[in-house]
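> need a structure here:
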Amino acid sequence: MWDALNRAESYRDLAEECRRLAANSLSAQMRNRFSKMADDYSTLAEGRTSLRGLPVLLRTVATGSAN
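Numbers count the residues shown, from 1 in each chain. Below you'll find the model as predicted:
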């Protein structure tokens with residue numbers, strides 16, 4: 001359980017860093033890429049802290065996208 005919570009916190013930190021990089025990127029392409037990475041890390045963090053998020057987590061891992 002603690003491992004999952006620690007990993008979720010790491011994913012949240014990575015998501016925050018990607019959002020910061022997106023905000024500071026000069027290129028629209030890189031802003032979009034970092035924003036998508038932030039969304040993916042946020043989805044992974046949610047999946048680690050909630051069984052409700054398990055289907056989203058599995059779909060993200062299987063397809064590379066939460067949608």
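
> buried ones in stretch 25-45?
Under the neighbour-count criterion of 16 or more other CB atoms under 10 Å, stretch 25-45 has 34-35, 37-45 buried. Every C-beta, even on glycine, is put in place using the N, C-alpha and C of the backbone.

> What distance do you get for the residue most central in space within the chain to Y11?
When the chain is reduced to its mean C-alpha position, the nearest residue by CA atoms, centre = their mean turns out to be Y41, at 1.0 Å. Shown here: Y41 relative to Y11, a distance of 5 Å by CB to CB, to the nearest Å.

> R19 now?
As for R19, its distance to Y11 is 13 Å (criterion: CB to CB).

> Tell me the predicted confidence for T63.
We have a pLDDT of 73 for T63.

> need the contact list for it.
Listed by CB atoms under 8 Å, 6 or more residues apart in numbering, the contact set of T63 is empty.

> circling back: more crowded one of R19 and Y11?
Neighbours around R19 and Y11, counted as other CB atoms under 10 Å, are more numerous at Y11. The numbers are 20 against 17.

> I figured that one was touching D39, is that so?
No - with contacts counted by CB atoms under 8 Å, Y11 stays clear of D39, the gap being 11.3 Å.

> what about stretch 20-36, how long is it end to end?
For stretch 20-36, the separation between the terminal residues is 12 Å (CA to CA, to the nearest Å).

> what sits up against that stretch?
Residues external to stretch 20-36 that are found in contact with it (CB under 8 Å, 6+ apart): 18-19, 38.

> Include secondary structure when you put these into TSV, please.
Rendered in TSV, the data for the contacts of stretch 20-36 read as follows (DSSP: H, G, I helix; E, B strand; the rest coil):
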residue	secondary structure
C18	helix
R19	helix
A38	helix
